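**Student:** sequence-free structure coming up:
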């Protein structure tokens, strides 16, 4: 059937389409039933999708309804159905009755255009939410942007309060009036300068880096939606990468697809070297301790750390929540998996005391540290730096550092002295930290 | 003389506007623009209520608030924090540290007057 070429289909819509077409033609149920030689009650069952039909009966019905048989049997694309279901789940928290999830097929049968629109809007909403989250993240972690925004808001606050006084106080003393006018002029000039600086931040010499950041945000949004685990690639290897990229609404730009492809290439390579079927049971047996898994990875510590961060959550095996940060030799973060209270900035630098950066100074030496966050929470960190390419005889190796994070339960006491670390100087309240390189927003 | 409010805010023009409005409302307003010496100013001025900006030169308003709540003589001092719109972390942290209320910049003069009145009148949390 023509409608079944595009993938998984749902034949249960046929009855709904028959009913829709019959009503569009103004035919009574009994009249149509009589025309094709079946009882009205049987047609009623067909129309309510309680009887499957095919063969001669389908051809007779199509002929009586003046449509091709395929028109009656085209099903609802499974992807479309999933998108509509996702839309229902996302918006079901609002007012009014909950969406009728069990009647999605009927909705699609009766209003295919509206159903497509709902699915399209769901796709757009998912993309926009990823963009908003990325921008919020940028505001929180980009010190230049945070400073600029604070400047703008302070200026607007002064203008609002001052102009409010000038408008609402008709009997204002002339001295005060002159003073507030001067203040207003000052603040207007300042706002102009702040707004120009803010625009320069986006459009100036850093524009290319900004574009790259947006691409990183989109690639990261895909990984976050998937929980950093891609069953298709685990099963199908590198051949499954393109379909994953094709189906990702987050990847709106070519640069984002390139970044995602780079990260998924590595994912597929890792999965091939440590297949999930072998690695997951071994990891569970070792309580997910990277040290115990080095042997099966041929001593490749970075591979073990990346694979632990790619294990599936919510399956039969209880997998702890891991965070992951990967940086290049300059310290620039190129990949991250966020974890709860441990803030890993996408922009700017992390905390200089993270083992991630320490590992760069001692390539090929795996490190394990207990980390103390300013709010008292503790994490175990495993880190290592290894060549990620380049090198060869006489060549310079391209180093890359990987750090895996695991939250330490409050009641659990880990051995070893904890290292006091933070989320990076801009957001860190540790005023007396010897590694502090800039004044924090909180300190 | 009205009740004393100390306004710790380094933006001079914001201070002048708020000071003018609160004075009209009968408050006895004093100001201070440096975070590093704000605690000493609180001890000296003995205000009935404190309006405290988050971002200050010298020291963060959040750190000042943390110290105020740790000292017995200022643990119950009503504090209204001024945070910037979009900085929800500041707002959440201020409330967690014991601020009685917060206002996000840019706020209206009417919001300032009403919120300060509510805070001084019994520490009822008022937010915008």
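**Tutor:** Done, it's in. As the structure is a prediction and not an experimental result, all values here were calculated from the model. Numbering: from 1, shown residues only, chains lettered A, B, ... in the order given.
**Student:** which residues sit in contact with residue 17?
**Tutor:** If you meant another chain, say so; for now it's chain A. A:71, A:72, A:73, A:74, A:109 (C-beta atoms under 8 Å, 6 or more residues apart in numbering or on different chains). For the C-beta atoms, the positions are set from N, CA and C on the backbone; glycine is no exception.
**Student:** chain B, not that one
**Tutor:** A:158, A:161, A:162, A:164, A:165, A:180, A:183, B:109.
**Student:** which of those residues lies closest to residue A:299?
**Tutor:** residue A:158 (61.2 Å; C-beta to C-beta).
**Student:** show me what from chain B comes close to chain A.
**Tutor:** When proximity is defined by C-beta under 8 Å from any C-beta of the partner chain, chain B lies next to chain A at B:11, B:13-14, B:16-18, B:20-21, B:55, B:59-60, B:62-63, B:84-87, B:89, B:93, B:105-109, B:112.
**Student:** if we can go back for a sec, max pairwise distance over the contacts of residue B:17: which two?
**Tutor:** Spatially, the most separated pair among the contacts of residue B:17 is A:183 and B:109, at 14.1 Å (C-beta to C-beta).
**Student:** check contacts around residue 18.
**Tutor:** You didn't pick a chain, so chain A it is. Residue A:18 sits in contact with A:46, A:47, A:61, A:65, A:72, where contact means C-beta under 8 Å, 6+ apart.
**Student:** wait, chain B
**Tutor:** A:161, B:7, B:9, B:29, B:51, B:109, B:112.
**Student:** name the helix or strand for it, please.
**Tutor:** Element membership of residue B:18, judged by DSSP states H and E, is helix B:12-24.
**Student:** buried set for the following helix or strand past that helix?
**Tutor:** Using DSSP H and E, the helix or strand that follows helix B:12-24 in sequence is strand B:28-32. By 16 or more other C-beta atoms under 10 Å in any protein chain shown, the buried positions in strand B:28-32 come out as B:29, B:31, B:32.
**Student:** which of the residues you listed lies closest to residue A:331?
**Tutor:** residue B:32 (39.3 Å).
**Student:** so that closest one touches residue B:5, yeah?
**Tutor:** No - applying C-beta atoms under 8 Å as the test, residue B:32 and residue B:5 come out as separate, 11.5 Å apart.
**Student:** could you list the domains of chain A?
**Tutor:** A:2-113, A:142-204, A:219-273, A:275-443 (automatic domain parsing).
**Student:** can I get those domains in JSON lines including mean pLDDT?
**Tutor:** Listed next are the domains of chain A as JSON lines, based on pLDDT from 0 to 100:
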{"stretch": "domain A:2-113", "mean pLDDT": "75"}
{"stretch": "domain A:142-204", "mean pLDDT": "84"}
{"stretch": "domain A:219-273", "mean pLDDT": "91"}
{"stretch": "domain A:275-443", "mean pLDDT": "85"}
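**Student:** with distance to residue B:72 added, can I get those domains in TSV?
**Tutor:** Shown next, in TSV, are those (distance: least, C-beta to C-beta, whole Å):
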stretch	distance to residue B:72
domain A:2-113	45
domain A:142-204	33
domain A:219-273	46
domain A:275-443	23
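**Student:** and for the nearest residue to residue A:65 once chain neighbours are set aside, the neighbour number?
**Tutor:** Counting by C-beta to C-beta, 6 or more residues apart in numbering or on different chains, residue A:65 lies nearest to residue A:21, which is 4.6 Å off, once chain neighbours are set aside. Using other C-beta atoms under 10 Å in any protein chain shown, residue A:21 has 19 neighbouring residues.
**Student:** mind listing what's buried in the host helix or strand of residue A:21?
**Tutor:** Secondary structure from DSSP H and E places residue A:21 in helix A:14-25. The neighbour-count check on helix A:14-25 (16+ other C-beta under 10 Å) flags A:14, A:15, A:16, A:17, A:18, A:19, A:20, A:21, A:22 as buried.
**Student:** equivalent analysis for stretch A:228-245, please.
**Tutor:** A:228, A:229, A:230, A:233, A:234, A:240, A:241, A:244, A:245.
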